[in-house]
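Colleague: got a structure for you, letters missing:
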């Protein structure tokens, strides 16, 4: 119950002084034991200033004369003097907040200069239940003074009855005579027939409200003043004067109680125009309506006696009938299905593919035995063989049922375009000029330490409930319920020390430690299994308990906000995102010196961890955890600040947020083990919403035309649509240059020294001009030439399992490029960098990103050997975006031999023009390309001559993890935003999550996944219930025992979902670099 958090709550219920939390401050240096620098109140190096703990004083009011920038703060007892630097917080508007040099100081007031003129240009409007939200707009007309009159002015919501907006000029008195219309940006506006449906989250409207729609540019019939006919929280409908004349490629069918489900194949018949007729995959909107995609646009509604029918087919596992008894008894067949059939007595079903013709045909269900058995009566089966057998050439006997429903309305679903606004008059309303700041305002000097607050912050991080009394028991010293932060992106590193196990035995499997980071500032070591003894062979009670935690000094300045929740996440004006901490990857290195399968300090064994921070920072920490109870600080490298290079370690100025896992390996050029990782994430350019980007111009200095800057709309108001686009108003154009993450780092794992860097800048050891995009993805390191028999330099060379050199690296970047780095020579001047692929285009829809590493598989065809490099594009950081069209790719790297990189002739990067498009599945779907057809032969020829293939994903769908290929099947996960993906009243809409299983050589389906006969494109993926981001897949080889017989079986896991990859014959295999046994 409660996992590690509950163990902590049980272990430290009233006092947390015994909890082992460490940091690295003051005298802590390379080789220091972390326990020597505890994260507790006794550590004088953790100063109030570092934690932001300073004395504050309440401010009653802040007043500013109209048109002035001089603010006067009033209180009761200020200790400030003229010239002091004072920090103001908690004021509304936030213009008053900040750090200022004060003047006019007295015991009860002081003054400071604001960065701009406030108040007189801001109107405060009061209206009961005004219904507006921050970033909505108002039109004000007829007001006196005229300064109150505005058009499309963005508002800030104060509460349900108050909002503010910017005046057109300074005003000295309150307004009178005004007419005010509140306006909202409509996300989507569609129509079927004369019913228009607007999507507008939390619109606040009700049925019978009168609203005005404006801004539709493609059909004016949508514009005008209407009465709302129905409303939900996020949508409302109204009736058009006449149907829209727009053509729609989606049909909306009305059929009461149709009983269909999304993804089902339904046949439409009897409609005029005939373009509505055919067999389609439908999307269900509700119990009475569904939609499907038309092959051509239609502008008129369908007429006629329209029907919708669907046939559901199930596999039959057996058909039997009695061989004695009455004729009726012997004529009664019992059918068993492979899964629940869903039939009822009286249903008409069709059975096919039985070898005995008596079982084939259309029958009436006479009774239902259970969910997987039913009976029918037919005199023909009395003498038929029992049980039935499958007809020659067929895979199974099938039973199917066709359901037909009448369609009462069939209309084209059309979409209005433009910057669409919905407006409603707000009345009565009063408006005054705002001249004062409000809120719970505090003022203080950061130079005035608050020792008590400092201690409270430290103790709160240690678990003390000294802020909010989370368990409501009036105690401020017991443990808080939230003692364990969220584990968001950190993937635990698990090490089995096996210190009590015999040589080669599994008796020490309870000596497991789990290492991971959390977003409460703590990196944790957890005893996953305790050490058993002969007297007590069961795991001790400390299994699952926190052994120790580590708080990095880079996080100190964020801990106060975490405790105070001020400013809160998402606070308006300006928006404040959450803080992150140890949220990144963990690289692990283990060395068992004598090969006894135990990790013991006394044997000289080593266990080392290399910690990334992801959005938490631009630093990599190295810890020696050879003794899991006594961690040692090895080194750290990077930059202490998220946004600038002040204080960066020399050579690491280009390091971005540390997203890329530090991979451990050996290189001929260096004696010690090395870490290899991507340059990281560049949030300044990568965090722009794709739909707000207006330009990514190619840079003339880049040979490949890389975009070294991004121009996007910022500020103003933005409304995101369910289709993944967005509309904005009041924004301004901002251009940001790429500044970090552009390259691949190689550092000495033992001391953190920078050994080599690939990058675009002149300081890089190997300058690669087109390496202009961040590389946040993990890199792939290979021992491609299989030199696993070579001796390695250094103390590790005595270990047979450590032999082998990394000779190739693959790295993928946010510009849609895949790099191949050849690093085999012992002389680094002979190393080479080759752009293997570049698949991002100039159009914004083609600005594809790679945030996860490729999978590399050795393969061959009639043209020779190649390495298949498999990777999917997708911006996981913007899951709702549908601006970019994403794809999954396989690139053929035919430069596979271990050659001298200096002699490799330059190759042109693979582009999409070089790839076979596998999307339509001509290679497999006989309905598209019949066997032996010219189309199929052409497709097979094109695949063979191409430099790989690509598979286009759905609208808004994106790859959200890495890939793995097992037994010839490539597995990867995607997420697609969807307005109808679920959640309802009990959960969030997390989009559509899919797991793909495809043949790595041609992207065809491998397994029957959609419950229909025959493999087709629809069998490439299955959907995961609940949606969200499928975890990156992993290969597991569990041991399955039946009695004394045990076998190993490979399986691929996506978090809780496991898939059997099957098996292939063994062909040539290569070593993809590793050097340790992973428990």
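Modeller: Thanks, I have it. Everything numeric here is computed off the predicted structure, so don't read it as measured data.

Colleague: Need the phi and psi values for residue 456.
Modeller: phi -60, psi -40 (degrees, to the nearest 10).

Colleague: Identify the residue nearest it in space, chain neighbours excluded?
Modeller: Of all residues not flanking residue 456 in the chain, residue 466 sits nearest, at 5.2 Å (Cβ to Cβ, 6 or more residues apart in numbering). The C-beta positions use only the backbone N, C-alpha and C, and glycine is treated the same way.

Colleague: same check, this time on residue 693
Modeller: In space, residue 693 is closest to residue 712, 4.7 Å off (Cβ to Cβ, 6+ apart).

Colleague: In three-state terms, label the one you found for me.
Modeller: At residue 712 the chain is in strand, as set by DSSP: H, G, I helix; E, B strand; the rest coil.

Colleague: and it, how far is that from residue 880?
Modeller: 16 Å (Cβ to Cβ, to the nearest Å).

Colleague: got it, and residue 1010?
Modeller: For residue 1010, the distance to residue 880 - Cβ to Cβ - is 27 Å.

Colleague: In the stretch 351-500 of the chain, mark out all the strands, start to finish.
Modeller: All strands of the stretch 351-500 of the chain, identified by DSSP state E, counting those that start in this stretch, fall at 361-370, 373-377, 397-407, 409-415, 421-426, 430-433, 436-437, 441-449, 493-496.

Colleague: strand partners of the shortest one, parallel vs antiparallel please.
Modeller: The partner list of strand 436-437 in its sheet, established with DSSP bridges, is strand 61-63 (antiparallel).

Colleague: how about the strand it pairs with: buried residues?
Modeller: For strand 61-63, burial by neighbour count (16 or more other Cβ atoms under 10 Å) applies to residue 62.

Colleague: So what touches that strand?
Modeller: 71-74, 88, 91, 96, 435-437, 441 (Cβ atoms under 8 Å, 6 or more residues apart in numbering).

Colleague: Show me what counts as buried in whatever helix or strand comes next after it.
Modeller: Sequence-wise, the next helix or strand downstream of strand 61-63 (DSSP states H and E) is strand 70-74. Residues of strand 70-74 classed as buried: 71-73 (neighbour count, 16+ other Cβ under 10 Å).

Colleague: Now do strand 70-74 against strand 441-449, angle only.
Modeller: In terms of direction (axes from the mean of the first three to the mean of the last three Cα atoms, to 10 degrees), strand 70-74 departs from strand 441-449 by 80 degrees.

Colleague: Give me the mean pLDDT for the next helix or strand after strand 70-74.
Modeller: The C-terminal neighbour of strand 70-74 among helices and strands, as given by DSSP H and E, is strand 85-89. What strand 85-89 shows for mean pLDDT is 93.

Colleague: I'd like to know which elements strand 85-89 is packed against.
Modeller: strand 54-59, strand 98-101, strand 109-113, strand 441-449 (3 or more Cβ pairs under 8 Å, 6 or more residues apart in numbering; DSSP states H and E).

Colleague: Strand partners (parallel or antiparallel) of that strand?
Modeller: strand 98-101 (antiparallel), strand 441-449 (antiparallel).

Colleague: so where do the helices sit in the stretch 601-750 of the chain?
Modeller: 683-686 (DSSP state H, counting those that start in this stretch).

Colleague: Low-confidence stretches in it?
Modeller: Low-confidence regions of the stretch 601-750 of the chain, defined by pLDDT under 70, span residues 699-704, 716-717, 722-723, 729-730.

Colleague: Which strand residues bridge residue 818?
Modeller: residue 812, residue 837.

Colleague: Can you give me every residue that contacts it?
Modeller: 810-812, 835-838, 850, 854, 869, 871, 891.

Colleague: Provide a list of residues in contact with residue 382.
Modeller: Contacts of residue 382 (Cβ under 8 Å, 6+ apart): 321, 327, 330-331.

Colleague: how near is it to residue 329?
Modeller: Residue 382 is 9 Å from residue 329, by Cβ to Cβ.

Colleague: Would you check that residue 206 makes contact with residue 230?
Modeller: No: if you go by Cβ atoms under 8 Å, residue 206 and residue 230 don't touch, sitting 9.7 Å apart.

Colleague: Tell me the one of the contacts of residue 382 nearest residue 24?
Modeller: Nearest to residue 24 among these, counting by Cβ to Cβ, is residue 321 at 78.6 Å.

Colleague: Surely residue 655 is in contact with residue 741?
Modeller: Yes: with contact defined as Cβ under 8 Å, residue 655 counts as touching residue 741 (7.5 Å).

Colleague: tell me, what's touching these two both at once?
Modeller: Joint contacts of residue 655 and residue 741 (Cβ under 8 Å, 6+ apart) are 679-680.

Colleague: Buried deepest among the strands of the stretch 351-500 of the chain, which one?
Modeller: strand 409-415 (a mean of 22; mean count of other Cβ atoms under 10 Å).

Colleague: okay, now the residue nearest to residue 456: neighbour count?
Modeller: 18 (other Cβ atoms under 10 Å).

Colleague: ok, now how distant is it from residue 563?
Modeller: 8 Å.

Colleague: residues shared between the contacts of these two?
Modeller: 456, 460.

Colleague: if we can go back for a sec, nearest to residue 485, of the strands of the stretch 351-500 of the chain?
Modeller: Using Cβ to Cβ, the strands of the stretch 351-500 of the chain put strand 493-496 closest to residue 485, at 17.7 Å.

Colleague: Please name every helix or strand in contact with the helix or strand following that closest one.
Modeller: Next helix or strand after strand 493-496 toward the C-terminus (DSSP H and E): strand 512-517. In this structure, strand 512-517 makes packing contacts with strand 493-496, strand 523-527, strand 586-591, judged by 3+ Cβ pairs under 8 Å, 6+ apart.

Colleague: pLDDT averaged over strand 512-517 - what is it?
Modeller: 95.

Colleague: How far off centre is that strand?
Modeller: 23 Å (Cα atoms, centre = their mean, to the nearest Å).

Colleague: between that strand and strand 523-527, how big is the angle?
Modeller: Using the same axes, to 10 degrees: strand 512-517 against strand 523-527 is 160 degrees.

Colleague: Quickly run through the sheet partners of strand 512-517, with directions.
Modeller: With DSSP bridges as the test, strand 512-517 pairs up with strand 493-496 (antiparallel), strand 523-527 (antiparallel).

Colleague: nearest to residue 955, of the ones you listed?
Modeller: strand 493-496 (37.3 Å).

Colleague: gap between the closest one and the chain center?
Modeller: 25 Å.

Colleague: can you redo the strands paired with strand 85-89 as CSV with mean pLDDT and distance to residue 416?
Modeller: Listed next are the strands paired with strand 85-89 as CSV, based on pLDDT from 0 to 100; distance: least, Cβ to Cβ, whole Å:
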stretch, mean pLDDT, distance to residue 416
strand 98-101, 93, 43
strand 441-449, 93, 46
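
Colleague: Identify the residues contacting the residue in the chain sticking out farthest from the centre.
Modeller: Most distant from the centre of the chain: residue 326, at 64.5 Å, with distances by Cα atoms, centre = their mean. Under the criterion of Cβ under 8 Å, 6+ apart, residue 326 has no contact partners.

Colleague: Now do it against residue 933, distance only.
Modeller: 54 Å.

Colleague: Same check on residue 498?
Modeller: 59 Å.

Colleague: just residue 36 next, same as before
Modeller: 75 Å.

Colleague: Give me the most central residue, this structure.
Modeller: Mean-position check on the chain, Cα atoms, centre = their mean. Result residue 876 at 4.1 Å.

Colleague: Using the three-state scheme, assign that one.
Modeller: coil.

Colleague: got the contact list for the residue nearest to it when sequence neighbours are not counted?
Modeller: Closest residue to residue 876 apart from its sequence neighbours, by Cβ to Cβ, 6+ apart: residue 960 at 4.6 Å. Neighbour list for residue 960: 852, 874, 876, 879, 973-975, 1029-1030 [criterion: Cβ under 8 Å, 6+ apart].

Colleague: May I see the ChimeraX selection of the buried members of the contacts of residue 382?
Modeller: A single ChimeraX command suffices to select whichever of the contacts of residue 382 are buried according to 16+ other Cβ under 10 Å:
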select :321,330,331
